[in-house]
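*Asks:* have a look at this prediction, sequence included:
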Amino acid sequence: MAGLPLDVLDLTVTGAGGRVLLQPASFKVKAGEAIGIRGPSGAGKSTLLYALAGLQPKVGGTIDWGGQDLARFSDAERARFRRQHVGMVFQDFLLFEELTALGNAALTAAFAPRQEIAPIRSRATALLERLGVSRSRRNVDSFSGGERQRVAIARALANDPDIILADEPTASLDRAAADRLIGDLTDLARKEGKTLIAVSHDRHLLDRMDRCLEVADGKLLEPSHA
Amino acid sequence: MPELLLDYWQDLAPATQDAVILVLLLLPAILTGLFVTAGYRPLALVRSLLWRYRWTNLMFVALIAVSVGLGVGLTAQERGLRQGTARAAEKFDLIVSAPGSEITMMFAAVYLQPSDVPLLDGAAYDKIATAENVELAAPIAFGDSFEGSPVVGTTPQFVEHLTGALTEGQMFARPGEAIAGAAVDLAIGAEFTPAHGSGEGADHEAHAGATTRIVGKMAATGSPWDKAILVPVEAVWEVHGLANGHAPERADQIGPPFDPDYFPGTPAVLVRAEALWANYALKSEFTTDKTMAFFPGAVLSRLHSLMGDIRQVMSLMAVVTQVLVTAGVLTGLVVLVRLFSRRLALLRALGAPRRFVFAVVWSYASVLIAAGALLGLAAGFAASGIISAEISRRTDILVEASLSWPEFHLIAGFVSLTVFLALLPALLSLNRPVIPDLRS
């Protein structure tokens, strides 16, 4: 699938007790564009990312992904949207240690409709090969951090999403592994035309993005329209 | 329609009825499982969670197994004991003795438990032996022993009635010869001197000189008689310095008929009638102020009924234990689900429907419950086997532990109830917030 464009308008996120986590933010992202989100710790970067994934429960405004406003969706509709359109990568991989690399990469097959199971498994296998994970039938508990994150990238892309959302994908890796990860992630996203949004402190990663948004104190400082 | 169904049900073989009940008891669990997991494949993730928290899971399984094993063991043990005692008594159609306690006499005459009981005299015996329809009237004279084995005086006809053909040797034919029970550690040709009395109070010198030789071995009966040594009743009387039951001109005779004038007395007489109905007539005839007649089977049945009441109380306690353990396990599962809440949040983040997450948690809980129940079944059976062996060793009554339909029904009911209740922790897991769990 090709990437989806994003149009965010007056997006607000509130937390427990009505505390404002993200003040009204508006920006646009073109389909297939790679966007970095930077800012100090606790600024609201991940809050914004999770809002774009439809994981934040209390959001206001519009999160329009290619004509589908996530902010209006029910919980089940958001889950379906994520399943069909979004691949996520997390800081500390979040793999099932007792599953094989392939089992983790094809994790979404466990709850996908029957006709999607084979394509997900086949794509997961191809992605692991492409990312150089040779021990796809081994449990990931013996894998290095770099290998684990590559498995996590394969998992994010196995259901052929339009959007990749990455939350500090290099934070748990050493420099060499992080650089390889950055190459893998951005190359795959670009080649397949995915819309990539990555929250990171890593300058090497942010430098590879088409542009960056900055968040501080729950505010989007540099709303940028391409 | 209900009558038609009832007729159809009653026409089914008991095993088929039990199998149908088992399926019906399991049906709620099966239907719940099919409904919860329909369209999803949660087992790989469940395996992963089971392995990840294997020690905690093992503890849960062990807890369930103990509570289930208690119920299974209790049911199987009670049945084994009931069947074992009934089997040991089945050759004793009707016992006639001097008036007293039926239970005491049953334990003494059927299960060979040492007891002081009054004797029936020769006139009473003669009346029994010559009554209409009596096929067998065998005196059972106990009171002596050898190294823990009761030495019982009786007739060759009783030995044949009790055990059928001998497995080795021949029937005793004179005083000084004996038949050993299957579990007696005396070979053919071995000699012994019986002691007067039994246990620690036995007088080993009282019958000095009354050397007795084993000439035959009985087949196993699964009763305390396997541990007994059977001798001619005439020998018992003779070693006690009494007449031997026969007039002097027939002093060498072994077995009936006995002469009432030379009959010293016997604690009990086993009576077997030619027909079943005749036993009832004989019981009535010999229930007098001088004799007591009773069916050991009926006395045993009353005892079993009492045991049944105790079993019901204990079963209730076992069920209460199971309910408490189940409540504990379900509460524990709610806590345990928090351990892998991050993984569940990941699934939600990847777009898993809530129902899939629900299916994972429920399947996980159900696997623990089913494993605990199966392990409990095995543990209960094993414990029952060990206890049965110990009871058999102590009482010489063959108690055999076996699993039967009631145990399977118990397990099926337990599994169905608890997997249904496991919907609760699964439901609670859905209320967990995704983002805090992802970041935890």
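*Replies:* Sure thing, it's come through. Owing to the predicted nature of the structure, the values given are computational and were not obtained by experimental measurement. Residues are numbered from 1 along each chain as shown, chains lettered A, B, ... in the order given.
*Asks:* next, the buried residues of stretch B:259-277.
*Replies:* For stretch B:259-277, the neighbour count (16 or more other CB atoms under 10 Å in any protein chain shown) marks B:259-260, B:262-273 as buried. (C-beta placed from N, C-alpha, C; glycine too.)
*Asks:* count of residues packed around residue B:323?
*Replies:* 15 (other CB atoms under 10 Å in any protein chain shown).
*Asks:* pLDDT score assigned to it?
*Replies:* Per-residue confidence (pLDDT) for residue B:323: 77.
*Asks:* before we move on, back to that, among the buried residues of stretch B:259-277, name the ones in strands.
*Replies:* Taking DSSP state E as the definition of strands, the buried residues of stretch B:259-277 contribute B:268, B:269, B:270, B:271, B:272, B:273.
*Asks:* save those residues as a markdown table, and put in pLDDT and distance to chain A too.
*Replies:* Shown next, in a markdown table, are these (pLDDT from 0 to 100; distance: CB to the nearest CB, whole Å):
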| residue | pLDDT | distance to chain A |
| --- | --- | --- |
| B:268 | 92 | 69 |
| B:269 | 92 | 73 |
| B:270 | 91 | 68 |
| B:271 | 92 | 71 |
| B:272 | 89 | 69 |
| B:273 | 87 | 72 |
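*Asks:* could the residues you listed go into a markdown table alongside distance to residue B:211?
*Replies:* Formatted as a markdown table, those follow (distance: CB to CB, whole Å):
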| residue | distance to residue B:211 |
| --- | --- |
| B:268 | 27 |
| B:269 | 28 |
| B:270 | 28 |
| B:271 | 32 |
| B:272 | 32 |
| B:273 | 38 |
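*Asks:* and chain B, what are its domain boundaries?
*Replies:* Segmentation of chain B into domains, based on automatic domain parsing, reads B:14-87+B:303-439, B:94-294.
*Asks:* residues contacting residue A:50?
*Replies:* A:56, A:167, B:435 (CB atoms under 8 Å, 6 or more residues apart in numbering or on different chains).
*Asks:* CSV for those residues, including pLDDT?
*Replies:* Listed next are those as CSV, based on pLDDT from 0 to 100:
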residue, pLDDT
A:56, 90
A:167, 93
B:435, 89
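*Asks:* ok, which stretches of chain B are strands?
*Replies:* With DSSP E as the criterion, chain B has strands at B:94-97, B:134-146, B:149-154, B:168-169, B:177-180, B:191-192, B:195-196, B:212-217, B:229-232, B:268-273, B:292-294.
*Asks:* of all these, which one is nearest residue A:97?
*Replies:* strand B:149-154 (64.4 Å; CB to CB).
*Asks:* contacts for that closest one next, please.
*Replies:* Taking CB under 8 Å, 6+ apart as the rule, strand B:149-154 contacts B:112, B:114, B:138-142, B:144-145, B:178, B:181, B:184, B:194, B:198, B:212, B:224, B:227-237, B:266.
*Asks:* now it and strand B:212-217, what's the angle there?
*Replies:* On the basis of axes from the mean of the first three to the mean of the last three CA atoms, to 10 degrees, strand B:149-154 is oriented at 80 degrees to strand B:212-217.
*Asks:* show me the shaky parts of the chain.
*Replies:* All of this refers to chain A. Within chain A, the segments meeting pLDDT under 70 span A:1-2, A:222-226.
*Asks:* if you could check chain B rather than the one you did, that'd help
*Replies:* B:1.
*Asks:* and whichever residue of it sits closest to chain A, what is it in contact with?
*Replies:* Nearest residue of chain B to chain A: residue B:351, at 2.9 Å (CB to the nearest CB). Contacts here follow CB under 8 Å, 6+ apart; on that basis residue B:351 touches A:79, A:80, A:81, A:82, A:83, A:84, A:86, A:108, A:111.
*Asks:* so how many other residues sit close to the last one?
*Replies:* So that's residue A:111. Neighbours of residue A:111 (other CB under 10 Å): 25.
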